[in-house]
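Asks: 3D model of this:
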Amino acid sequence: MKYKISVISGDGIGPEITKCSIDVMKSLEDKLNIEFELLEIEAGDSALKNNGIALSDEAIDKIKTTNACVKAPVGESAMEVIVKLRQLFDLYVNLRPAKSFPTVKSLDDNIDMLIVRENTEDLYKGQEFRIGDKAIALRTISEKASTRIAEYAFNIAKTRNNKVTAVHKSNVLKMTDGLFLECVNKIAQKNSNIKFSELYVDACAMNLIRNPKEFDVIVTTNMFGDILSDEAAQVVGGLGLAPSANIGDDFALFEPVHGAAPDIAGKNIANPIAMILSIKMMMEWLGTTNNDNDCQIAAEIIQKAVENSLENNIKSVELGGKSSTSQIGEYITNYISNYNL
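Replies: Numbering: from 1, shown residues only. Below is the predicted model of the structure:
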């Protein structure tokens with residue numbers, strides 16, 4: 001099948017890791033019955049500098065014509081780009097897996113968790129204002145958003161290990177997190193076959209360090225999910241291995257969890273694996289939504305290619321290796337090209 005994909009190359013190390021991901025997509029075209037039409041979108045700090053706006057209406061209209069979006073990290077304009085896109089396209093699910101990889105130092109060799117983060121509200125709606133010498137932020141938690149993220153978490157748990165942990169702070173935030181927990185509990189009662197538990201966010205943060213392999217699916221609110229997913233990424237080796245998906249009912253955007261890292265931009269030392277694994281997540285989503293088995297196979301091949309690269313010590317500097325961004329990308333691309341179906 002043919003898919004039209006919008007590509008935001010971003011800022012800092014974005015263009016370097018984007019090139020690796022595009023090379024991966026091209027290698028998949030040669031291997032499977034998949035065709036990509038790539039549409040370059042200018043967004044982020046560079047767009048702000050060149051055009052006076054980080055994400056223009058024209059860019060948004062172009063993205064709307066595509067099946068999915070691949071986005072590299074942007075710089076200081078993240079609020080104007082990714083947060084805006086999440087809310088504009090109602091990408092209410094943020095999936096952030098954290099998984100142990102071969103030869104990568106982590107707290108345990110058997111970690112395989114998925115953080116399911118509500119993605120459209122909470123403090124990240126940006127409802128802030130000043131009154132005199134005070135700055136005030138409004139936290140919005142709705143029944144609709146809490147219910148649908150809970151439903152997503154329980155449904156995806158059925159494809160994994162039938163285990164969900166809800167993370168909140170309802171002992172302090174009684175109204176907002178109280179509503180979130182109430183909604184999750186209602187969905188849990190409808191899924192009695194799923195092992196369900198709950199944790200305060202501070203206890204969860206501690207247990208991610210103390211016993212990370214006990215977690216499978218974590219469902220939580222927007223800001224807590226953002227913080228915990230970075231912690232979970234470090235537990236398994238670092239943000240360079242952390243992909244993510246922003247999913248709505250009809251559209252999805254895929255991006256690495258890490259930032260634009262301007263201090264190492266242009267040095268060819270950034271780790272492209274998080275971006276490449278985000279392509280893997282895109283292939284899974286395209287396969288599921290379009291009933292396309294070739295996309296599912298593509299996702300499996302990408303996973304094997306990444307694992308093989310790490311097993312053979314093709315690793316970036318922050319993982320203790322000596323391979324450059326381009327060397328890692330080339331190795332993974334060549335593995336896919338030579339893979340025997």
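Asks: would you map the helices across the stretch 1-150 of the chain?
Replies: Secondary structure of the stretch 1-150 of the chain (DSSP state H, counting those that start in this stretch): helices at 14-31, 45-51, 57-64, 78, 84-88, 143-157.
Asks: for Ala242, find the nearest of these.
Replies: Smallest distance to Ala242 across these (C-beta to C-beta): 12.6 Å, for helix 14-31. Quick note: C-beta positions are derived from backbone N, CA and C, even for glycine.
Asks: buried ones in that closest one, by neighbour count?
Replies: 14, 16-25, 27-28, 31 (16 or more other C-beta atoms under 10 Å).
Asks: average pLDDT for stretch 266-278?
Replies: Regarding stretch 266-278, the rounded mean pLDDT is 97.
Asks: same question, stretch 288-297
Replies: 97.
Asks: so for Glu307, what's the nearest residue that isn't a sequence neighbour?
Replies: Counting by C-beta to C-beta, 6 or more residues apart in numbering, Pro102 is the residue found nearest to Glu307 once chain neighbours are left out, at 5.8 Å.
Asks: how many neighbours does the one you found have?
Replies: 13 (other C-beta atoms under 10 Å).
Asks: dump the residue contacts of it.
Replies: Pro102 makes contacts with 307, 310-311, as judged by C-beta atoms under 8 Å, 6 or more residues apart in numbering.
Asks: for Glu40, same thing?
Replies: Glu40 neighbours (C-beta under 8 Å, 6+ apart): 6-7, 9.
Asks: buried only: go through these for me.
Replies: Among these, the ones that count as buried (16+ other C-beta under 10 Å) are 6-7, 9.
Asks: quick one: which of these is nearest Thr289?
Replies: Ser6 (16.1 Å).
Asks: would a markdown table of the buried ones among the contacts of Glu40 with pLDDT be doable?
Replies: Formatted as a markdown table, the buried ones among the contacts of Glu40 follow (pLDDT from 0 to 100):
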| residue | pLDDT |
| --- | --- |
| Ser6 | 98 |
| Val7 | 98 |
| Ser9 | 97 |
